[in-house]
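Colleague: Let me see the structure of the following:
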Amino acid sequence: MKKEFKIIKVKITQDMIGKDCFISDSQDMLKKCDYGVLNACTIDFKIHPRSLDQHRLLFAAFKAVAENKADDNNFNTVEKVKEQAKVHAKYFDCYYYFENEKTGEKQLNIKTKSISFSELEHFEACGLFDIFFDYCAVLLGLTKDELIGNIKEKDKLRKICVICGKKATQRHHKFANTKVNMAKYGKLLNEDFNFLDVCHDCHASHANPELCRDYIWTERKFIEELEKNNKK
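Modeller: This is a model prediction of the structure:
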C-alpha cells in the first residue's frame, strides 16, 4: 500500500533525542533537500492482514456483555455494546450538540468510526481492541485475561462435533430455520439451545442417521425446549 507524505529536512537538536524520525539510506536525496522546505514523498507500507480470529473474539466479548446486561437498555444488544465501547475509547469522527425543538433540551450526538476490515488496519486494530477488551472485562467484573480465557474455552467446547468427536465446522439447527419457521419464530431459532455443533461430514444433507434420529426436532419439541429455556 502506498501513502503520500510530506517531509522536511531539519537539524537534529538535543530536544529531539529519543524521539521517532525517518532515516534515509540515500545521502544523495538528503543533499538535494533544502532545510525547512516541505518535500512530497511516497512510502510503501507492508500490510499486515487483519486477524479474523481476533475480530470474532471481540464480538464474542460484546455478546457476553449483552447477555449479562440484558436488563440495561444501554448494553442489551451487541450493537449497543460495540457503540458504547467505541465511545469509551473516543473512537469517533465527530460529535455535535442537537437541540430538541419541542423541549429545548440539548443532546450530544456522536458519530463513531467503523471497525470493519476495510476501514481499520491490523496494528491500529490491536491497540483499539485492547481498549475494547478491557472495557468489556470491567463491565463483567473480570480481568481481560479472564474474559478472553472464558470466551476461548467456550469456543473450544463448541468446536467439537458432538456426533463423531472431530472438529466442528458447522452449526446445525435442530428445528430448521426454513422461511416459514423464520417468519413464525424469528431470532428464537438462533438461540443456543437450538444449535448443534457438527463437522461437515455429519451435517452434509442431514444424512447421518444419528443426526436424523436425535437432533432433528419437530415444532412441538422446539416449543417444549423453548419453554424450558425461558424458565431458566
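
Colleague: which stretches of the chain form strands?
Modeller: Per DSSP state E, the chain carries strands over the ranges 2-8, 38-44, 92-99, 106-112, 170-173, 195-198.

Colleague: Just the buried residues of the last one, please?
Modeller: For strand 195-198, a neighbour-count test (16 or more other Cβ atoms under 10 Å) marks 196, 197, 198 as buried. Any C-beta I mention is one placed from the backbone N, CA and C, and that applies to glycine too.

Colleague: Which other helices and strands does it contact?
Modeller: strand 170-173 (3 or more Cβ pairs under 8 Å, 6 or more residues apart in numbering; DSSP states H and E).

Colleague: roughly how far is the strand it packs on from the heart of the chain?
Modeller: Relative to the chain's own centre, strand 170-173 is displaced by 22 Å; criterion: Cα atoms, centre = their mean, to the nearest Å.

Colleague: contacts for it?
Modeller: 189, 194, 195, 196, 197, 198, 199, 200, 203, 206, 211, 215 (Cβ atoms under 8 Å, 6 or more residues apart in numbering).

Colleague: now, of the strands of the chain, which is deepest in the fold?
Modeller: Mean neighbour count (mean count of other Cβ atoms under 10 Å) peaks for strand 195-198 among the strands of the chain, with a mean of 20.

Colleague: Where in this protein is the helix or strand with the lowest mean pLDDT?
Modeller: Ranked by mean pLDDT, DSSP states H and E, the weakest helix or strand in the chain is helix 209-214, scoring a mean of 59.
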